[in-house]
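Engineer: 3D model of this:
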Amino acid sequence: MLEQQAFDTIDKLRCARSLAEVKTVFGAAINDFGANAFIICDIPPGSPAGSKEIHASGWHPEWERRYLNEGYSADDPIPNSVGLKSNPYYWQDVELENVKNERAVKIMNEARSEFQMLGGYCVPIHGLRGVAGLVSVATDSKDWRLSEREDSALHIVSLYAYEAVRKLRIPANAGDGGPKLSRREVDCLQWIAEGKTTWEIGTILGISAHTVSEYISDAARKLGTHSRAHLVARALRQNIIR
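Structural biologist: Purely as a prediction, here's the structure:
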């Protein structure tokens, strides 16, 4: 059921025309997973450690004000771990790695005790130059964990939410001199979006799996993405595939 809801959410995010709409759609989606708060951030290239730009927030307004006014971003262990992680991770796993950092402990204790942010899940957004941003969701349920399928569904929805926000901030214009993908690169991306494996794509297109991987790697380099899921999300945003 959650997987179908995730696909429905992706369709809504692709059609979103305002930041408010993205926040509403994503907020409703994470509720289905048992989460109730979120932030979507960029991490500017070459920025000092701890620097984040929050572009969409579903946090309690008072927590967001305090977080920004007190400069909590510099010591918050959740977003500051994205550079060390390739895959999504749970808040509690990172907290265990930061028990000796008093300010980090203080931040997490305030989030838990005053705003019922008892746990959460963070999705690193990687680009060619390293970490580009993150999506973090919070829950008021203690010891919250998702199944492997639910984890994958929330991961992909988070990537699309990030891309939806990015689209509204940096509109993609056809024919504006942006990255040009070859016909074969587009074909490979289209089949990835259809859920095909590298071997299956090679069979369909009549080329080797190694050649398919090269086309996909070249497309990822041109679009500045790190994972296949993020690559497909960005290709859809830029209307390269449909």
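
Engineer: Surely residue 58 is in contact with residue 29?
Structural biologist: No. Using Cβ atoms under 8 Å, residue 58 makes no contact with residue 29, being 10.7 Å away. Glycine gets a C-beta too; all of them are placed from N, C-alpha and C.

Engineer: What number of residues are in the vicinity of residue 70?
Structural biologist: Neighbour count for residue 70, taken as other Cβ atoms under 10 Å: 14.

Engineer: how much space between it and residue 148?
Structural biologist: Using Cβ to Cβ, to the nearest Å, one gets 37 Å for the distance from residue 70 to residue 148.

Engineer: Ok, residue 140 next?
Structural biologist: Where residue 148 is concerned, residue 140 sits at a distance of 23 Å (Cβ to Cβ).

Engineer: Which one's more surrounded, the two?
Structural biologist: Shown here are residue 140 and residue 148; by other Cβ under 10 Å, residue 140 has more neighbours (15 against 7).

Engineer: and that one, what does it touch?
Structural biologist: 36, 116-118 (Cβ atoms under 8 Å, 6 or more residues apart in numbering).

Engineer: what's the pLDDT at the nearest residue to it once chain neighbours are set aside?
Structural biologist: Distance criterion Cβ to Cβ, 6 or more residues apart in numbering; nearest residue to residue 140, sequence neighbours excluded, is residue 116 at 4.2 Å. Looking at residue 116, its pLDDT reads 95.

Engineer: Just give me the neighbour total for residue 116.
Structural biologist: Neighbour tally, residue 116, other Cβ under 10 Å: 14.

Engineer: try residue 200
Structural biologist: Around residue 200 there are 15 residues (other Cβ under 10 Å).

Engineer: any chance you could map the strands in this protein?
Structural biologist: Ranges of strands in the chain, per DSSP state E, are 37-42, 53-57, 89-90, 119-127, 130-139.

Engineer: Just put those strands in TSV and tack on mean neighbour count, mean pLDDT and distance to residue 201.
Structural biologist: Shown next, in TSV, are these (neighbours: other Cβ atoms under 10 Å; pLDDT from 0 to 100; distance: least, Cβ to Cβ, whole Å):
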stretch	mean neighbour count	mean pLDDT	distance to residue 201
strand 37-42	22	93	31
strand 53-57	17	88	33
strand 89-90	18	94	30
strand 119-127	23	90	23
strand 130-139	24	89	26
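
Engineer: who wins for proximity to residue 240 among these?
Structural biologist: strand 119-127 (16.8 Å; Cβ to Cβ).

Engineer: same for that closest one, what does it pack against?
Structural biologist: The contact analysis (3 or more Cβ pairs under 8 Å, 6 or more residues apart in numbering; DSSP states H and E) places strand 119-127 against strand 89-90, helix 91-95, strand 130-139, helix 148-169.

Engineer: Report the strands that pair with the shortest one, each with its relative direction.
Structural biologist: So the one you mean is strand 89-90. strand 119-127 (antiparallel) (DSSP bridges).

Engineer: got the angle for the strand it pairs with vs helix 148-169?
Structural biologist: Relative orientation of strand 119-127 versus helix 148-169 (axes from the mean of the first three to the mean of the last three Cα atoms, to 10 degrees): 60 degrees.

Engineer: Go ahead and confirm residue 54 touches residue 39.
Structural biologist: Yes. Residue 54 lies in contact with residue 39 (Cβ under 8 Å); the separation is 5.4 Å.
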